[in-house]
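Peer 1: Build me a model from this:
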Amino acid sequence: MGSPRTTLAIVGLIGWCCAPARADDYYVAPAGDDDNPGTLDQPFATVERAETEASAGDTVLIRGGVYAFSSTTATVGVSFTKSGSQNQPIRYFAYPGETPIFDLFELTPQQRVTGLDVRCNWIHIRGLEVRGVRQLVVGDSWAVRIRGDHNVIEHLDVHDNEAPGIFITSGESNLVLNCDSHHNYDPLEDGGNADGFGCHSTGAGNVLRGCRAWENSDDGYDFINAAGACTVEQSWAFRNGWIPDTNMTGANGAGFKSGGYGNPPNTPASGAAHHVVRFNVAFGNRSIGFYANYHPGAIDFLNNTAFDNPSNFDMRTAGSPSSHTLRNNIAAGTGNAIVSFNGGTDDFNSWTLPVTVASDDFVSLDKMQAYAERGADGSLPAMTLARLREDSDLIDKGEDLSFPFAGSAPDLGAFERGLAPPVDPTDGGVPDAGAGTDSGAGGAAGAATAGAGGTAGAAGTTSTQPPGDMPDAPAMQPPSAGTMSPPLAGAGGAGSLAAGNDADASGCGCRVAASARSSHALLGASGVLLLVALRRRRRRVRMAR
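Peer 2: This is a model prediction of the structure:
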C-alpha cells in the first residue's frame, strides 16, 4: 500500500485531469483593437474577433456604446458561426450595467441586409440593442436571424428596422426570451413583412417567451409556413399593423398570427405543425388579436387575453374544419369575441360560459402600462393591466390544463390571480440564465442549416463610440393617447382583415396587394418615397437623442 503522500498526489493528479476546463472571459469595447489580447484592460474591437478565441463555456462581454457598421458591399453586421456545446454555450453578454448598441443604418449594399446572423448551435446572446437595418431591395432583410439549434436569444431590444425583428428561419429548440421588437417597417413592401417576431423553421421545439411586440407594420408574431412546431407563451402584442407611430394602414395587423400555409394551404409533406399559443395578451392591434390564419391542423390557444381588437379571436380556415383547441381564454372590450370558428373544441372560454365580461372584471385596462421598463432581470414589467379583480366572475371558471392554479379551478385569461407565471420568466434553459434544464429537445446538436435568402456577405467595418461619448439609446416612448385608439377614419380602416377581404394567396393568406392599399395609393410613388425618407430621418433623430 502506498504512503499517504503518494495517495494524495495520485488523487490530486486524477482531479486535475478530470476537472472541466476553466471557462475564459473575453472583452469587446468600442475603443478596443482586434490586435489586443481581449482582456478587460485591452479589449477587442469586434465580436467576430472575440468569437475566434472563444470556446464552449466561454463568455464574451460586450461593453456599452454604439457599434456603427458601414459598408456598401457587406450584407451582415455580425455573423455568429462557432458553436458551443450542451451545458457549455458560448455566451455573448452585455457587460453588466451597460448596453451595446449595434447600429446597421450605414450598411448599404444593394442586397438584403442582416443585423445579427446566428448560424451555429448552443450560443447565448443577452442584453444587446439592434437598430437601423435597411431594406434596399425588395425582399426581406432581417434584424436578427436565427438558423441554428439550441440557441438562447435573451433581453434584446430590436427596433427601428426596415425588416422583421427577430426571426427563426431554420433550426430547432431555440429560445427567444424576454425580448422586445418594435417600430419595424419594411417600406419597399408596404410594411408587409415587418413582423416583430417570426418562427418559420422546419425544426421543432422553438419557443418565444416573455416577449413584447408593438408598432410593427405587419404582425406582432408570425408562424406562417412553419413546418416545425412553435410555442409562444407569456408574451404581449399591441399596436401592430400600422406604419409605426401613425394611424396609417400597414399590413395584416394581427397580434399573434399563429400558423397557416396560405390559402389554399400548401401544407408541408410532414403535415401541419401543432403550434401552442398560451398565457399571452393581445390588444389594440389593427385587425385581430389571435389568428389561426387558415391553419389546416391544430393550434392550442390556452389562457390568452384579448381586448380591443376588431376581432379578438379569428379561427378562419381554408374550407375544411380545423382541429384547434381553445380553453380558458378571455375576449373583452370592443371587437368580436371570436369569428370563423370551424372545427376543434371551444370550451371554458369567456364567450362559451355563463359569465359577463366587463371592464370592472379587471384591476386595470390602462394600455400605457404595457410600455413600462422591464425588470432588472429582463422580465416583463410588473403591472395590473388585464389582471383580474378578486371579485371577478372570471376567476376559477377555467378547465384544469395541468398548470398551477390558486383556487378551485384555473382562472380565465393570461394571469392566474395570486400566482407567478407558470413558466419562470427568467429561465433561459442554461445554467447562467435560470435554474431550469435545457429548454429544447435533447440530443446532439446538428449542423446549422442555412435558410433561404442568399449567402451572407462579409461583415462591414465598424466605427464605434465608447460609453462616455455614446448618444443615449432612445427611451421607450409610449404613443400619445390618441394613437392608442382605433385608427383614424380614412386611414385604411381596421376592418379589412377582420372582415376576411383576402386579396391574394401569396403565402401570407390575407395580405392586401400594394396597389390596392388606399393610403399608399393616395400618396403615389413619390409620396411613398417621401414618407420613407421622412421616417428614416425621424429614426436617426430619435437614435441621436
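
Peer 1: Only C-alpha atoms from now on, for both contacts and neighbour counts.
Peer 2: Noted.

Peer 1: Give me the next element, helix or strand, following the helix or strand encompassing residue 169.
Peer 2: Assigned by DSSP states H and E, residue 169 belongs to strand 166-170. Using DSSP H and E, the next helix or strand after strand 166-170 towards the C-terminus is strand 175-177.

Peer 1: pLDDT averaged over that next one - what is it?
Peer 2: Averaged across strand 175-177, pLDDT comes to 98.

Peer 1: Could you do stretch 133-150 as well?
Peer 2: 96.

Peer 1: can you check stretch 246-256 too?
Peer 2: 95.

Peer 1: go on, stretch 300-308?
Peer 2: For stretch 300-308, the per-residue pLDDT averages 98.

Peer 1: now the residue most central in space within the chain, which residues is it bridged with?
Peer 2: Closest residue to the average C-alpha location of the chain: residue 197 at 3.6 Å, with CA atoms, centre = their mean. Listed by DSSP bridges, the beta-bridge partners for residue 197 are residue 166, residue 221.

Peer 1: Relative to residue 371, how far out is residue 344?
Peer 2: 35 Å (CA to CA, to the nearest Å).

Peer 1: Let me fix that, I meant to ask about residue 424.
Peer 2: 21 Å.

Peer 1: do residue 52 as well
Peer 2: 38 Å.

Peer 1: between these two, which one's more packed in?
Peer 2: residue 371 (15 against 10; other CA atoms under 10 Å).

Peer 1: Looking at that one now. What's its pLDDT?
Peer 2: For residue 371, the predicted pLDDT is 97.

Peer 1: returning to what we had before: packing partners of the strand holding residue 169?
Peer 2: strand 142-147, strand 197-199 (3 or more CA pairs under 8 Å, 6 or more residues apart in numbering; DSSP states H and E).

Peer 1: Measure how that strand sits relative to strand 142-147, angle-wise.
Peer 2: Between strand 166-170 and strand 142-147, the angle comes out at 30 degrees (axes from the mean of the first three to the mean of the last three CA atoms, to 10 degrees).

Peer 1: picking that back up, could you save the helices and strands packed on strand 166-170 as TSV and add columns showing distance to residue 270?
Peer 2: What follows is the helices and strands packed on strand 166-170, written out as TSV (distance: least, CA to CA, whole Å):
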stretch	distance to residue 270
strand 142-147	20
strand 197-199	17
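
Peer 1: Among those, show me which one is buried the most.
Peer 2: strand 197-199 (a mean of 29; mean count of other CA atoms under 10 Å).

Peer 1: Distance from the chain centre to it, please.
Peer 2: 6 Å (CA atoms, centre = their mean, to the nearest Å).

Peer 1: now do stretch 157-172
Peer 2: For stretch 157-172 - counting by CA atoms, centre = their mean - the centre lies 7 Å from the chain centre.

Peer 1: What residues sit buried inside it?
Peer 2: By 16 or more other CA atoms under 10 Å, the buried positions in stretch 157-172 come out as 157-172.

Peer 1: Just flag the most distant two among those residues.
Peer 2: 160 and 172 (27.4 Å; CA to CA).

Peer 1: Report the secondary structure state of residue 306.
Peer 2: For residue 306, the assignment made with DSSP: H, G, I helix; E, B strand; the rest coil gives strand.

Peer 1: That one and residue 332, how far apart?
Peer 2: 6 Å.

Peer 1: next one: residue 28
Peer 2: Residue 28 sits 48 Å away from residue 332, going by CA to CA.
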